[in-house]
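K.L.:
Dropping a prediction and its sequence here:
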Amino acid sequence: MNDLAPLLTPEGRALLDTVRDTAPADELAVATRLRREHPAELVSAALGQARLRQRAAVKFGAEDAGRMFFTPNGVEQSTRASVATYRAQRLRELGVTSVADLCSGIGGDAIALARAGIRVLAVDHDPLTAAAARANADALGLAGLIEVREADVTDIDTAPYDAVFVDPARRSSKRGRIFDPEAYSPPLSWAIDTALKAPHAALKIAPGIPHETVPAEAEAEWISDGGDVKEAVLWFGTAPGAVRATLLPGPRTLLGRGLADPEVRPVGRYLYEPDGAVIRAHLVAEVAEDLEGGLVDATIAYITSDDLRATPYATAYEITDQLPFSVKKLKALLRERGVGILTVKKRGSAVEPEELRKKVLPKPYGAKSATVFLTRVAGAPTMLVGAPA
C-alpha cells in the first residue's frame, strides 16, 4: 500500500466498511468475492487496512481505530492513546495552546493534543505517513486544529509555537530497534537543542535510556499503562532535574526525593514488586521509604516488609516460604500445597520461568494457586513462594 487516496474515495470507504470485521481465516474467500466487482489492488488495500485497524484497536480503542488510517510502522510506533492523552493534558495545564509535533507519524499524539484544545502542526517526512495523519485528522473531525505538513523536521521554524513535541524514530528497517540515542532519526542531541529553544517541550524517548544521558535542563518522566512501561519523556520548561514515575490509568505520579539506596534486610512477611516505571525511574527507594521496608538484595528491586501497606506504586505479595533454589524442593512444596496454577516471576535469576513451570508443575496438583519469585536474597539464589496480598 503506497497510496491512501483510493481508500478515501466513496468506493474505497464502502469497501472498508464491508471488510471491517473480516477474520484472517476468511480473507481469501472475501477477497475472491469482492474482486469480481472491484479492482484487485483496491480490495487488497482495504483488507490490509482492516487488519491494521484491528491491530490498532489496542492502542486507540475500537471506535477511533475503526475510522482511522494506518501504515504498518504507524501502528507499531504510534503512542498509546491513554499515554498521548495524559501528555496532552500536562501540556494544556502548562498553558500551551499550540504545539509543533515533529516526527508526528500517523497523528496519534496530534489527535490527543487537538482533543485537549491545542492547535497542532504535525510534521513527517514520509508522504504516506503524512497522508495518513491528514486522513485521521479529517476522519476524527479535528482537521480545524491539525495542520499536517510533509517536510523534514529539521527545516521547521518552531518559534511561532508554545511548545515542541518530538518523537524521534527509534527503529530502522535494517537494524530494528535502535538503542543509541544519537542514532535516532533525528538524533537526540538535535531534539534537545530544538527543545531548549522553545518555552516548553516534550521529547519521547525509549524507557531504557541511561539516566546519565538526561540533560540537566530536563525533567525525566517514565510512564507505565496498566503495569507495562510504555515510554520515557524529557520535559523542558517544567522542573529541571526532577525525576518522576507516572502510572496510568490515574494518573498517579511519584516524584523523586533524592533518597539513598534502601538497606538490605531479611525477607519479611510481605514482598512488594514495584511498578516498572518506578524501577526505570530509579525511585525504588522512595517506595521503600513509604512502606518502611528494605531490599531483599542490594541489586534487586524487590522490597520486603513485615507490614501490609496500600500503595499504587507496587504490588504486594504475602510470602509463605523461602527456599534455596531447588527444582526438587519446589516441586515437592507445590505438591504438598495442592497447587494447580503457578505464576513464576524472576529478577536476578537466569532461569526461564516457563521452563521451570514445566519442571515443577508437569500436571496440576490441585486447585490452589501460588506465585514463586526466582531472585537473590543477600546474594544467594532463592525462591520465595506466596500469593497476592
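P.N.:
Structure received. Numbering: from 1, shown residues only.
K.L.:
C-alpha from now on. contacts and neighbour counts both.
P.N.:
OK.
K.L.:
Show me the strands in the stretch 1-150 of the chain, by range?
P.N.:
Along the stretch 1-150 of the chain, counting by DSSP state E, counting those that start in this stretch, strands occupy 98-102, 119-124, 146-150.
K.L.:
Can you name the helix or strand that the closest residue to residue 371 other than its chain neighbours falls in?
P.N.:
Distance criterion Cα to Cα, 6 or more residues apart in numbering; nearest residue to residue 371, sequence neighbours excluded, is residue 343 at 4.6 Å. Assigning secondary structure by DSSP states H and E places residue 343 in strand 339-346.
K.L.:
And residue 297, by the same measure?
P.N.:
Counting by DSSP H and E, no helix or strand carries residue 297.
K.L.:
any idea which helix is longest in the chain?
P.N.:
Once the chain is assigned using DSSP state H, the helix that runs over the most residues is helix 40-60.
K.L.:
quick one: low-confidence parts of this structure?
P.N.:
Within the chain, the stretches falling below the threshold (pLDDT under 70) are 1-2, 170-179.
K.L.:
re earlier: what strands flank the strand holding residue 343, and is each parallel or antiparallel?
P.N.:
Paired strands of strand 339-346, with direction, are strand 368-377 (parallel) (DSSP bridges).
K.L.:
so who does residue 92 touch?
P.N.:
Shown here is residue 92, whose contacts under the criterion Cα atoms under 8 Å, 6 or more residues apart in numbering are 116-118.
K.L.:
what do you get if the cut-off is 10 Å, keeping everything else the same?
P.N.:
In this structure, residue 92 makes contact with 86, 98, 113, 116-118, judged by Cα atoms under 10 Å, 6 or more residues apart in numbering.
K.L.:
Would you check how far apart it and residue 365 are?
P.N.:
In this structure, residue 92 and residue 365 are separated by 55 Å, where distance is defined by Cα to Cα, to the nearest Å.
K.L.:
How about residue 95?
P.N.:
According to Cα to Cα, residue 95 and residue 365 sit 59 Å apart.
K.L.:
Residue 258 too?
P.N.:
The gap separating residue 258 from residue 365 is 47 Å, by Cα to Cα.
K.L.:
quick one: the closest residue to residue 335 other than its chain neighbours from residue 127, how far?
P.N.:
Ranked by Cα to Cα, 6+ apart and with sequence neighbours excluded, the top spatial neighbour of residue 335 is residue 365, at 5.4 Å. With the distance defined as Cα to Cα, residue 365 ends up 58 Å from residue 127.
K.L.:
Wait, the residue nearest to residue 371 touches residue 360, no?
P.N.:
No - the pair residue 343 and residue 360 does not pass the contact test of Cα atoms under 10 Å, sitting 11.6 Å apart.
K.L.:
between the two, which one's more packed in?
P.N.:
More neighbours sit around residue 360 than around the other of residue 343 and residue 360, counting by other Cα atoms under 10 Å; the figures are 20 against 15.
K.L.:
I figured that one hits residue 341, correct?
P.N.:
No - between residue 360 and residue 341 no contact is recorded; they are 11.2 Å apart, counting by Cα under 10 Å.
K.L.:
Now do the shared contacts for the two.
P.N.:
By the contact definition Cα under 10 Å, 6+ apart, residue 360 and residue 341 are jointly contacted by residue 334.
K.L.:
just so I have it, where are all the strands in the stretch 251-389 of the chain?
P.N.:
252-255, 270-274, 294-295, 303-305, 314-324, 339-346, 368-377, 380-388.
K.L.:
by contact count, what packs against the last one?
P.N.:
Right, strand 380-388. strand 270-274, strand 314-324, helix 327-337, strand 339-346, strand 368-377 (3 or more Cα pairs under 10 Å, 6 or more residues apart in numbering; DSSP states H and E).
K.L.:
burial measure for residue 353, as a count.
P.N.:
16.
K.L.:
buried stuff in the strand holding residue 343?
P.N.:
Applying a neighbour-count criterion of 16 or more other Cα atoms under 10 Å, one finds 339-342, 344-345 buried in strand 339-346.
K.L.:
hmm, who's touching that strand?
P.N.:
273, 331, 333-334, 352-357, 360-376, 383-387.
K.L.:
any idea of the angle it forms with helix 327-337?
P.N.:
If you take axes from the mean of the first three to the mean of the last three Cα atoms, to 10 degrees, strand 339-346 sits at 140 degrees to helix 327-337.
K.L.:
Check the offset of strand 339-346 from the chain's centre.
P.N.:
Per Cα atoms, centre = their mean, to the nearest Å, the displacement of strand 339-346 from the mean C-alpha position of its chain is 25 Å.
K.L.:
my guess is residue 244 meets residue 222, correct?
P.N.:
Yes - under the contact definition of Cα under 10 Å, residue 244 touches residue 222, with a separation of 6.5 Å.
K.L.:
between these two, which one's more packed in?
P.N.:
With neighbours defined as other Cα under 10 Å, residue 244 and residue 222 compare such that residue 222 has more, 28 against 23.
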